[in-house]
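A.B. asks: structure for the following, please:
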Amino acid sequence: MTGWDVVEPVLTLGLSVSSLVIASIALQESARSGEAQRMHGRLSVKPLLHTWLEDDAKSRRIVFLLKNNGIGPAIIKRIQFFPKEGVNKKEYRLGTLAHLFDSQIHRFFDRASYRALSLASSYALSAGDQLTLFVIDTKLELPENEAERLSAEIIKGLSCFVEYENIYGERFSSVDP
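C.D. replies: Below you'll find the predicted structure:
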């Protein structure tokens, strides 16, 4: 028996074990990479909703918008408004928001008209799109800065709560501003 006959089985066994170790490491890395890819896919279609209040002095109009600044669509499940101050903050649905304006902003309805949007139980808002939630038109005989002043009162006294889902069914919520 030569020395090679003794070394050859040891080398073969060592190469086999190292091949198994390398294969298991590659399998683990492949699984981790697949999970990271799935997570990236979910994050790449995450919607990001923000409210936006536009006031136009010339047309004397205030428009309250909901914008999707994310990449994927948002399936809106619930929109509610509440006053910023107070311990027992009562929530208002979009259709009953006029009651909040009546109690929060004094002399509001003798200066403006109010139109709210009616939404279904869920609404899909595409990426980069916006939804007009309500419009307030002030009277033309009022000064041009009236819309700006009213929008400042709304921002100071009103918060918007939005609950929405992405296309994977994951729920998110946002309070703005």
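
A.B. asks: now do the lengthiest helix in the chain: distance to the chain's middle.
C.D. replies: What stands out as the longest helix in the chain, according to DSSP state H, is helix 3-44. When C-alpha coordinates are averaged (Cα atoms, centre = their mean, to the nearest Å), helix 3-44 and its chain have centres 41 Å apart.

A.B. asks: any idea of the mean pLDDT in that helix?
C.D. replies: Taken as a whole, helix 3-44 has an average pLDDT of 86.

A.B. asks: just after that helix, pick out the following helix or strand.
C.D. replies: Reading on from helix 3-44 to the C-terminus, the next helix or strand found by DSSP states H and E is strand 49-56.

A.B. asks: list the buried ones in that following strand?
C.D. replies: Buried residues in strand 49-56, defined by neighbour count with 16 or more other Cβ atoms under 10 Å: 49-51, 53, 55. For every residue, glycine as well, the C-beta is placed using N, CA and C.

A.B. asks: helices or strands next to it in the packing?
C.D. replies: Applying 3 or more Cβ pairs under 8 Å, 6 or more residues apart in numbering; DSSP states H and E, we find strand 49-56 packed against strand 61-68, helix 146-157, strand 158-165, strand 171-176.

A.B. asks: mind putting the buried residues of strand 49-56 in TSV, distance to Ser174 included?
C.D. replies: Formatted as TSV, the buried residues of strand 49-56 follow (distance: Cβ to Cβ, whole Å):
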residue	distance to Ser174
Leu49	5
His50	7
Thr51	9
Leu53	15
Asp55	22
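
A.B. asks: would you format those as a markdown table with pLDDT and distance to Leu20 included?
C.D. replies: Listed next are these as a markdown table, based on pLDDT from 0 to 100; distance: Cβ to Cβ, whole Å:
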| residue | pLDDT | distance to Leu20 |
| --- | --- | --- |
| Leu49 | 90 | 50 |
| His50 | 88 | 53 |
| Thr51 | 86 | 57 |
| Leu53 | 83 | 63 |
| Asp55 | 78 | 69 |
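
A.B. asks: under the pLDDT cut-off, which ranges of the chain? List them.
C.D. replies: 1, 57, 86-89, 95, 98-121, 139, 141-142, 144, 147, 177 (pLDDT under 70).

A.B. asks: Asn69 - how many residues pack around it?
C.D. replies: 12 (other Cβ atoms under 10 Å).
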